[in-house]
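Chemist: 3D, please:
(2 chains)
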Amino acid sequence: MRLCHRMSELMEMLIRRGFLWQSFEIYGGMAGFIDYGPLGNGLRRRLENLWREFFVINERAVEIDTPTVNVEEVFIASGHAESFTDVAIECKKCGKVFRADHYIKEKLNIEADCTIEAVKEIIEIYGLKCDCGGEFGEPFHFNLMFTTSIGPGKGKRGYLRPETAQGIFIAFKRLLDYFRGKLPFGVAQIGRAYRNEISPRQGVIRLREFNQAELEFFVHPAEKTHPQFKRYENEVVRLVDKFDNEHEITLREAVERGIIAHELLAYFIGKTKRFLIEAGVDEKRLRFRQHKDDEKAHYAADCWDAEALTSYGWIEIVGIADRTDYDLKRHMEHSGEDLRVFVQFKEPIKVKKLKIVPDLKKLGPVFRKKAKAIAEALERMDVKDANVEKVEVEVDGEKIEVSRDFFSIEEVEETIQGEKIIPHVIEPSFGLDRITYVILEHSFDKDVVDGEERKVLRLKRWMAPVQVAVLPLLSKEEFERVALEIVEMLRNAGIYTEYDDSGSIGRRYRRFDEIGTPFCVTIDHQTFEDRTVTIRDRDTTKQVRVKIDELVNVLKELLSSEKDITEFGEVFRG
RNA sequence: GCGCGGGUAGUCUAGCCUGGUAGGACAACGCCCUUCCGAGGCGUUGGCCCGGGUUCAAAUCCCGGCCCGCGCACCA
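Modeler: Numbers count the residues shown, from 1 in each chain, chains lettered A, B, ... in the order given. Sure, this is the predicted structure:
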């Protein structure tokens, strides 16, 4: 029913104030699903927009949107069907879980069908037991993809996508065209993905339906670099490599020392770090950890996770993987489409080559009708030896020996303009739900104001779901009228604004502190004398007086910067 | 999926052992008063996770389910 029983103060607040709720609550709830309330939804939308700025607008990248329901073929090609629909067996004694087919192959050297019945039978016939001597329980399906059927009746089998990435790979031909055939380019997608987790736990951390923001950055396999790398090369990052060694070094050094495989991965690690900090993740509670070799997904050559320290421990919030050409290759094989990219060489390559030049005058009388075909076959042939006496060609299945009399060999120079390659893809993949949660946990703070403890959510100003609250000091008609005019003015200016006239002014400040509203605008007695209002800063509780006419500009500047409020007006009260 | 512990207004909690009227705090809402950091008064709304059983009577006892937490396992 609840997202956690021993509810932390933070979770209690998030639910009470409308950041997030357990889904399907009135029907008893269902683990692994959450509703975003008004404030949580607002925060996640801000996060998505910031992500777009970093990973779409700021790159040679575009954003697309593809279906969440996919046909089966997609995941057969991607390898997900294989790694998602296994039958598993669990030891009743030691509790270890194995992939049934692997275990049977290893122990009995039998290629078992991957069905529950087949596995059950084999276990019974051979009396298969666990290494520890324990017996296996009932085999069970271990299908992390949600299945569905497309169309009426039995329909066609479909799956809810377990990652957004496949939609991009499938549309690759169109995308390559869109980018006029030139590498590198990025394609992003923000959307829902689904994994039917066996037992989702830890509240919002492991969901069955979740939000991903993924960028697939396609590059030439030999050019895993980025023109903007210098922006991040001196960024010091905290790294944990696959041998569990910790490093606190610059990205340039990490690449030079071979800790990070190449510049492009390092570039995205740096960019991810800047993005997360900009969004409100605490730098001191952020690190990048390399996947160990046995931990990597089936498609990854190298993978680094951004991890954040939370009350659940270190949790993965971003995965930055070098997926190589795995996906495009697999889709080429399964679809039969050519997904290669023609890459022109900087300088065309000139190759000296020996070439057979058929002598048609001699071929014609001897070979008659076959002469033309023989001549063509001769031209296609590779020769290495300029002095070869005779060659054999195959025409319509018939092998024909052709002696030197019928052709000459010349040395020619060929120009090769370029080659066809399968691009590699570097994929930064963001778990938006987890990042949203981490931002909330890292922003949640308590301090003391006038001897009273207060809860305050120190969100980055621009990220706050409610950016400004407008408060009439008195609940009197003339105060309220001016306040509502200001609300309208701010909303028209695109500022997320709320109005609150309920309870004492102190109580209202606390309410907005709790949900992270960075600024409160208060209409007081002086407003009626000089058309000024006060702006109060969430973090310092300081107030300054500002003319109503300047309010929009001042607030916009404050919201898009970290400037001190006292730069913008006379300090009020103090 | 296994084991242990839980589920009472929006939130926290008393009551459960020993069956009989569900009580409080905070929050929310309305009115009054007041007005610059969770003031006060009066009032209001709202609750025993679901289903079954035992019983004259179930929040309480029993069974099943769902959900939550923790440990194990799982997390391509």
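Chemist: and the pLDDT at A:Met7?
Modeler: Here the pLDDT value assigned to A:Met7 is 51.
Chemist: got it, and A:Pro152?
Modeler: 80.
Chemist: so it versus A:Phe146, what's the distance?
Modeler: According to C-beta to C-beta, to the nearest Å, A:Pro152 and A:Phe146 sit 20 Å apart. C-beta coordinates here come from the backbone N, C-alpha and C atoms, glycine included.
Chemist: neighbour-wise, which of those two wins?
Modeler: A side-by-side neighbour count of A:Pro152 and A:Phe146, using other C-beta atoms under 10 Å, places A:Phe146 first with 17 against 6.
Chemist: which residues touch that one?
Modeler: Taking C-beta atoms under 8 Å, 6 or more residues apart in numbering, we find A:Phe146 in contact with A:159-160, A:194, A:196, A:208.
Chemist: can you give me the helices in the stretch 251-400 of chain A?
Modeler: Assigned by DSSP state H, counting those that start in this stretch, the helices in the stretch 251-400 of chain A fall at A:251-256, A:263-279, A:326-335, A:360-367, A:371-380.
Chemist: out of those helices, nearest to RNA strand B?
Modeler: Between RNA strand B and the helices of the stretch 251-400 of chain A, the shortest separation by C-beta to the nearest atom of the strand is 11.1 Å, and it involves helix A:326-335.
Chemist: got a list of what the closest residue to A:Leu251 other than its chain neighbours touches?
Modeler: Spatial nearest neighbour of A:Leu251, excluding adjacent residues (C-beta to C-beta, 6 or more residues apart in numbering): A:Ala266 at 4.3 Å. Residues counted as contacts of A:Ala266 (C-beta under 8 Å, 6+ apart) are A:229, A:232-233, A:251-252, A:254-255, A:260.
Chemist: so how do I select the buried members of these in PyMOL?
Modeler: Per 16 or more other C-beta atoms under 10 Å, the buried members of the contacts of A:Ala266 correspond to this PyMOL selection:
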select buried, chain A and resi 229+232+233+251+252+254+255+260
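Chemist: quick revisit: okay, and which of the contacts of A:Phe146 map to strands?
Modeler: A:159-160, A:194 (DSSP state E).
Chemist: now for the residues you listed, which sits with the most neighbours around it?
Modeler: Top of those by neighbour count (other C-beta under 10 Å): A:Tyr159, with 25 neighbours.
Chemist: name the nearest residue to it, ignoring sequence neighbours.
Modeler: A:Tyr159's closest residue in space is A:Met145 (C-beta to C-beta, 6+ apart), at 4.6 Å.
Chemist: what about A:Thr68, distance to A:Asn211?
Modeler: 11 Å.
Chemist: pLDDT-wise, what's the bottom of the contacts of A:Phe146?
Modeler: A:Asn196 (85).
Chemist: would you agree that residue is in contact with A:Arg206?
Modeler: No. A:Asn196 lies out of contact with A:Arg206 (C-beta atoms under 8 Å); the separation is 11.6 Å.
Chemist: the nearest residue to A:Tyr267 once chain neighbours are set aside: what secondary structure?
Modeler: Among residues not flanking A:Tyr267 along the chain, A:His226 sits closest, at 4.1 Å (C-beta to C-beta, 6+ apart). Secondary structure, DSSP: H, G, I helix; E, B strand; the rest coil: A:His226 is coil.
Chemist: which stretches of the stretch 1-150 of chain A have low pLDDT?
Modeler: For the stretch 1-150 of chain A, the stretches with pLDDT under 70 are A:1-7, A:83-86, A:90-99, A:101, A:111-116, A:130-134, A:140-142.
Chemist: so which residues of it form helices?
Modeler: Along the stretch 1-150 of chain A, counting by DSSP H, counting those that start in this stretch, helices occupy A:9-16, A:38-52, A:72-78, A:80-84, A:100-108, A:116-126.
Chemist: and the angle for the fifth one with helix A:116-126?
Modeler: This points to helix A:100-108. 20 degrees (axes from the mean of the first three to the mean of the last three C-alpha atoms, to 10 degrees).
Chemist: can I get helix A:100-108 in CSV, CA atoms only?
Modeler: What follows is helix A:100-108, C-alpha atoms only, in CSV (Å, rounded to 0.1, in the frame of the first residue of the first chain):
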residue,chain,number,x,y,z
ALA,A,100,18.2,-23.9,-16.8
ASP,A,101,19.6,-24.5,-20.3
HIS,A,102,23.1,-23.4,-19.4
TYR,A,103,23.1,-25.5,-16.3
ILE,A,104,21.9,-28.6,-18.1
LYS,A,105,24.4,-28.1,-20.9
GLU,A,106,27.2,-27.7,-18.4
LYS,A,107,26.4,-30.6,-16.2
LEU,A,108,24.9,-33.1,-18.6
